[in-house]
Structures are given as C-alpha cells and as structure tokens.
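[1] Sequence and predicted model, in that order:
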Amino acid sequence: MTPSDPFALDDTPPPSSQSVPRPMADPEWLAGLNPEQRQAVEITDGPVLVLSGAGTGKTRVLITRLAYILGKRLAQPWQILAVTFTNRAAREMRERVGGLVGPMAESLWLGTFHALGVRILRKHGELVGLKSNFTILDSDDQLRLLKQVMEADGIDHKKWPAQVVLSVIQRWKDKSLTPDRVTPSMAGDLAAGRAVELYRAYQDRLITLNAADFGDLLLHCLTLFQYHAEVLQEYQDRFRYILVDEYQDTNVAQYLWLRLLCQKHRNLCCVGDDDQSIYSWRGAEVGNILRFEKDFTDAKVVRLERNYRSTPTILAAASALIDHNEDRLGKTLKTAEDADTEPGAPVTVKGVWDGPEEARWVIEEIEALQTKGDSLLSMAILVRAGFQMLEFEERFITTGVPYRVVGGPRFYERLEIRDAIAYLRCINTPTDDLAFERIVNKPKRGIGDTTVQKIHVYARSAGLSLMEAALRLTETDELRAQTRNALTTLIGDMSRWRSLRDGLSPADLAAQVLDESGCTEMWMKDTSPEAPGRLDNLKEFVGGLEEWDTIGAFLEHVSLVMENDSKSGDEAVTIMTLHGAKGLEFDTVFLPGWEEEIFPHRRALDDGGGAAVEEERRLAYVGLTRARKKVSISFAANRRVYNQWQASLPSRFIGELPDEHVELISDNGLMGSFGEAQADGFSDGWGGGSSWSKSRGRKAPIIDGDSWQVEARESSGGYTVGMRIFHQKFGYGIIQAVDDTRLEIAFDKAGDKKVIDSFVEPA
DNA sequence: TATTTTGGTCTTTTT
DNA sequence: GACCAAAATA
C-alpha cells in the first residue's frame, strides 16, 4: 500500500491498536475548545448536527471528535466512518488525527463518498453485476460512451449534445434515480423524449464493460444495500460512528447512503454550513440539512458561531453580504471574545481599466506585501472560473514572482497523460475497451475509423473485448495488409509489456511503454509550441509513478483523484478557483473579477431569479471568509470576451458590502496609465468623483457612460426593439433585443454587442 | 483510407 | 481563441 492511497484502510486491527496507551481524561487538545466546540465533540451518542460558520474551527472539531471517540475507546478505528468532500481534506484529516492518536488513524474508514463507495463495491460489486476489478470512467470516457449509445440510437447529437444529456443523467444519479425510477415528466423532451432509454442503454453498456462512472459508485452501493440486506447489515454493524464533513454539499444519494449506514447505531454527526453551499449544480441539496432534523427528530443541534479566523471588519463585510440571501437558516458570525479585537484593515475595492491592469495591480500589491516581510504562502488569488487565471499567470511569469496554480488544468486530464494512462490501463486490464479505443491509433499508426468500426462490429457479434476481436481479425483477411500489420504489432507489444509488468516497477514499465509505443517520439517530432511541455509532463508522469508499487494501485488512485498532488511548501502565491478554496485560509486574499456576468456568472444570471445568484453570493461569502487579515476586491471596466473588448459593470456584490468597512481605491493618477490608446468613452471623471452610492435593491450599481460615476437608475428606460440609439464607444446602432437593463444592439460599425441601457442614448 | 482544413459553437464551478 | 465535427485533399 502506498502512502497516499485513499484505500489504505485495513480491515483487520493492527496489533498495536488493540491496546490504547493514550491519555484518557481531558487531554490538552480537548481543553483548548470553547463550550460549543466541546459539545460538538462530546455528544457522541445519537445524531448530531453541527452548524458551523466559516472559520469557527469546524475541522478542528471533527478531528478532535475522532480522537475523542478513539481515546475513550468507544470504537475501534475500523468501526468509524468519516466522510470528507475532497481527497485533499481526507488526507489532511488523516494526518492530523494521526498526530493526536498515532498510527491507529491509518485504519479509519476515511475518505470521500466516492472513495468509500469504491471500497465497498470492490468487495461486493458482484452482487450488482460488477466484477471486482471494474474500471472507473473519467469524464472523457463517459462522454464517448454516451455518444456511442446515442449514435446507436440515432439521436441527433447536434440538437442534443451528449454533454447535456450526460449531465442530466448525472443529476438523476445524484438523486439516486435508476433508469426505472425516472418518470417521463422528469425526462421531458430531452433527446427527443428518449433520455430514459439512453440512460438505460448507457447503464447496460457500463455493466458490459465492467465499468462504473462517478455517480455509479454511490448508486450501485444503494442498490446493493437495498437488495442485499446481509451486506447492509454487515456495514451497519460495523460503523458505530459516522462523521460527515461539508454536509451542506451532499446530494440525495449520499444522504440516503449515510442514512442507511447509520441506522443501527445512529451515531451520525454531520458538520456543515448552509451559507457555504456552493455545489448545487452538482446535485448538492442544502435541504439535506433541514431533512436531517426531520428524519432524526432526536438530533442535537450545535451551532458554532465564534469565528477565530478573520478580523471583525472582514467578518462584518462577509455577514452583510450574505445577509442579502433570502434563503438561509440564519446564523450570525461573531468574533471570538478572546480573539484579537483590533478591527483590522478595511476591505478594499479597486477599479481598474482592464484585465491586464488588474493583474498588474494585484501583483504589485503582492510584491509590496512581500517587501514588507509577508510570506507569499500567506497570499492567494481566488477567481470565479479557471480562465481568469491566465492573465495572472502571465503577469507572474513576466515579473518572476513565484506562484502555484491549484486545481487548474488537472494534470491527469491532459491529453498526453490520458494517453499514457490508457496504455497502462490496456496493459493492466486487456478488456478495457475504452482505453484500447483511445490508444489504438495514437500515435498514428494507420488504424482509422473504418478499421475501428470493423473491430467493434466483430467484437459485439462475437462477444469479445476489442483487443481480442482485433487479434482475431488479424488472423483473417478482412483487413488490408498494412492495417493488419499495424494491429498485430500493437497487440504483440501489448502482451509483451504485460509480461514485463511483474518484473519492472510501474515507472520503468511506463517509461519503456512510452518509448516503444512511439508516444515520446510523436511529441518530439511535434513542432507545436506546447510539445516540449507535454514531453515534460510525460517525464513528470513517469517520475510520479515511482511511489507506486503496482500499476493497479496507481490506476485506482488516478481514477478518483484527478488532481496532481501539487507540492506545497515552496514560497509561492496560491492561485485557485473559489470552489477550490473552500476550507482553506490565507492572511491576504485577492478577489479579482468582481463584475456582473463574471461574478455573478452569466449562467447564474440567465436562469431564473434568485436561487442561482444566491449561490454565487455564497461563493463570494466563501471567498471573503478565507481571509484572516486582508481582502482586496477588484473589478475591471473592460474585459476581453471572445476576441473583442466589452464594457463590464462592477458586480452587484460590491454594492452589497457595507460602506463602513469598505474602502474604494481610485487613485487620481489612474488616468495616466490609461494611456493614449483608450481615449474613447471614458475620458475623464473617474478619479475626481469617486462617489460610491450603493443600490441596496436587486439592481446592480449602474455606471454612467461618460462621467463614470455610480448612480442608481430605473431599469430599461423605455428602450424597445428596433429603436435607433447612440453609444459613446460603439457609435450608432439598432436595438435587437431588450432584457430588462440589457440591450442587444446591432451597431453599424462595431457589429452585435450586448450593452447595458445606461450606456446608450436615443439617437 | 488517413490526415488536414475549415466552419460553426461556445465557455463555471468538480468527486 | 479553443474545441469539435464534417468536408476536402493527399
């Protein structure tokens, strides 16, 4: 077993943990808790719901609770189930618990829902049709598989993109709906009304391939528990204590999974914060929090409201912001009395001209802090979406300030890495059709679609795996000599590599495979600018394999943990998405891109009214509460979208921050840096006025076209489709569509643009 | 038959 | 500017 293997759980008690020579009564780690935290730790009997605001010591409570249960010998480590939301959190928790109780932390059942689901299915999967060596599909495989199914069904994939259908299916799985439980009304007219058929066909295909996708990891568990009471009972007996982190982000299937497992001992402890629920798009149901109290009427509720992380100023800003959400359980965060009572620096809001300038400004601030003696590790840039990272990366590179992207383009998702993995999958599991299909013509060896189709047809009719079918085909004269030879070589190589598997370490084997398959060569010959980088990635990939004993263990790790364990500790600024930042904290946090359509994201604004925007607001709240000492928000007046410049508005969230805790930075020298090139539209007035009136209501602050001052205006000031208008920047045009304050205008010269009504005037 | 070119469509967040 | 799928070309 390798150190970071999430399944490093041992069923059998290691001899050392039989005797527990640990301090029993009130060790010092228990004494350091406040009364509520202590309650959350000490109420071990029965269901407990811990509502825990940001920075209130939630992780600490969880860890202490685990240590407490173990220390009191209420259960053995393998009788405790602890579920986290990310693999990183799981790893961290295991380490920290280990620090308190020693090696027995190793035998806890601790991991993500998915990782734990796999563990169960590896053992009992046969009961639901999965052999124990089933493969876990990555998103790419899922999509290709569904496409195949849709093609076979003759669904127009132009009209119904596989991606859309797939996400609907996933949502069903999140809700624990097997194909037979999806009602026609749920499917609607999706995929010409045949979505359920597709779902069923897709599931059948998965079983045939002995594969499971992410949703299946839970869904199959539920089916298993439902139809095999003896298995369920085994686990119910086993898990005396169950702990759940980030409970607000669980979906229905996960909730059912938990409810089934805890039924016997009923010692379920869930920790969550409704204000930090940011995964509803993935099927998370905040309603699970409400449901908890309904299903467990004897549940004790503990509220953790004392914040130990942020300054009172940051806390006040965050609270005021989240207060704009209607749909809340209601929870006030207050500064812990014993904490530092200095109000702290105000939250700053900086307006800049455009994206590059924003990056420049942020990194100047970072350098200033560094000169002052702050560590780069204590700073983070948190963005709404991945693409925003680019501008900062460029700036980091030109300035030479070290940075670290966390959760960016995932390492294992890069195409060259996936190819390498597919080779390993083929070697490890010859029947892995999806992997075979992926690498059959990579690098190009003259085996095109037609050949693959032939293999497919043959495989299906003879009930063979693709690799076997290919082998049989080479023995006939169905194929042209050239393709036949290519296939024979490939299959020969495969079996040769497979025979080497036991003699070589995974790393050595991978290196050999990459060289002999021509993958390395392919990238060396490639003249595109990213080719050298890809070669480096492959090297890193081989290097990363060093720590694994078997290919199988490595592949298991990869399929669940798409993130590359980024080595931390180096002095560098962290840059990551807001979603990725949940659960982390930094001294200084930069929150760039606070503009309408970016944050809140356009998609959130588009669909319906409040719910989606409220989730965005929670995301903003998460961002603010990551900071211990200082928050810097920024927005740009212009943003390049697609390929053209578009004017943007400050985010409504900026207007929702309380005046008294916010400082607007608008330095007068700003105009100078705008330079000669941008003399249109916004020629003056920025620096002088800086009047910062907020609009409290639904409307975002609206910025007047040329005076660039903030003023609240009535929506859609009488503009109608077909009207001719004038815009400072884009000239004359005709209104094509009106959506409240947003106008779509066909400009005579500048083409089609979406602008806010306050930017135009009747012509 | 395999590869290159072109044309149209989009961009959240992740286990 | 990036990605995919269908048409064009070697």
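    Cool, the structure landed.
[2] Can you spell out which residues form a bridge with residue A:638?
    Judged by DSSP bridges, the bridge partners of residue A:638 are residue A:354, residue A:647.
[3] what's the average pLDDT for the longest helix seen in chain A?
    Identified as the longest helix of chain A according to DSSP state H is helix A:481-500. Helix A:481-500 carries an average pLDDT of 82.
[4] ok, it near DNA strand B or not?
    Yes - counting by CB under 7 Å from any atom of the strand, DNA strand B is contacted by helix A:481-500 at residue A:483. In this view, the C-beta of every residue, glycine as well, is placed from N, C-alpha and C.
[5] Relative to DNA strand B, which residue of the stretch 401-550 of chain A is the closest?
    Here the stretch 401-550 of chain A gets closest to DNA strand B at one residue, residue A:448, 2.0 Å apart by CB to the nearest atom of the strand.
[6] Tell me if I'm right that that residue and residue A:442 touch.
    No - Residue A:448 is beyond contact range of residue A:442, at 11.9 Å (criterion: CB atoms under 8 Å).
[7] Close to DNA strand B: what parts of the stretch 1-150 of chain A are there?
    Close to DNA strand B, as judged by CB under 7 Å from any atom of the strand, the stretch 1-150 of chain A has residues A:85, A:86, A:87, A:112, A:113, A:114, A:115, A:139.
[8] Not counting sequence-adjacent ones, nearest residue to the second one?
    Just to be clear, that refers to residue A:86. residue A:112 (6.6 Å; CB to CB, 6 or more residues apart in numbering).
[9] Can you name the residues that contact residue A:598?
    A:384, A:385, A:388, A:639, A:648, A:651 (CB atoms under 8 Å, 6 or more residues apart in numbering).
[10] mind listing what residue A:169 touches?
    By CB under 8 Å, 6+ apart, the residues touching residue A:169 are A:146, A:195, A:198, A:199, A:202, A:215.
[11] For DNA strand C, what is the nearest residue in the stretch 101-250 of chain A?
    Shortest the stretch 101-250 of chain A-to-DNA strand C distance, computed as CB to the nearest atom of the strand: residue-wise this is residue A:147, at 6.2 Å.
[12] Look up how far DNA strand B lies from that residue.
    16 Å (CB to the nearest atom of the strand, to the nearest Å).
[13] Return the list of helices and strands in contact with the strand or helix carrying residue A:290.
    Take DSSP states H and E as the rule and residue A:290 turns out to sit in helix A:287-295. Contact here means 3 or more CB pairs under 8 Å, 6 or more residues apart in numbering; DSSP states H and E; on that basis helix A:287-295 packs against strand A:48-52, helix A:252-261, strand A:268-272.
[14] Residue A:465 is nearest to which of those?
    helix A:252-261 (30.3 Å; CB to CB).
[15] what is the rounded mean pLDDT of the closest one?
    94.
[16] got it, and stretch A:166-179?
    Rounded mean pLDDT across stretch A:166-179 is 89.
[17] now check it, is it near DNA strand C?
    No - Stretch A:166-179 is not in contact with DNA strand C by CB under 7 Å from any atom of the strand; minimum separation 12.3 Å.
[18] Distance check, the residue lying closest to residue A:117 once chain neighbours are set aside against residue A:224.
    Nearest non-adjacent residue to residue A:117, counting by CB to CB, 6+ apart: residue A:217, 3.8 Å away. As judged by CB to CB, to the nearest Å, residue A:217 and residue A:224 stand 11 Å apart.
[19] Residue A:548 too?
    29 Å.
[20] With residue A:241 instead?
    According to CB to CB, residue A:241 stands 22 Å off from residue A:224.
[21] do the same with residue A:319
    For residue A:319 relative to residue A:224 (CB to CB), the value is 44 Å.
[22] What about the closest residue to DNA strand C within the stretch 401-550 of chain A, how many residues nearby?
    Residue of the stretch 401-550 of chain A nearest DNA strand C, by CB to the nearest atom of the strand: residue A:415 (8.5 Å). Using other CB atoms under 10 Å, residue A:415 has 12 other residues around it.
[23] What residues does it make contact with?
    Per CB under 8 Å, 6+ apart, neighbours of residue A:415: residue A:534.
[24] What is the neighbour count of residue A:273?
    28.
[25] repeat for the one 10 residues further on
    The burial metric for residue A:283, expressed as a neighbour count using other CB under 10 Å, is 21.
[26] next one: phi and psi at it?
    phi 100, psi 0 (degrees, to the nearest 10).
[27] and if you look at residue A:195?
    According to degrees, to the nearest 10, residue A:195 has phi -60, psi -40.
[28] What helix or strand is the nearest residue to residue A:327 once chain neighbours are set aside located in?
    Closest residue to residue A:327 apart from its sequence neighbours, by CB to CB, 6+ apart: residue A:614 at 5.9 Å. Here residue A:614, judged by DSSP H and E, is contained in helix A:610-624.
[29] Also residue A:222?
    Using DSSP H and E, residue A:222 maps to helix A:214-227.
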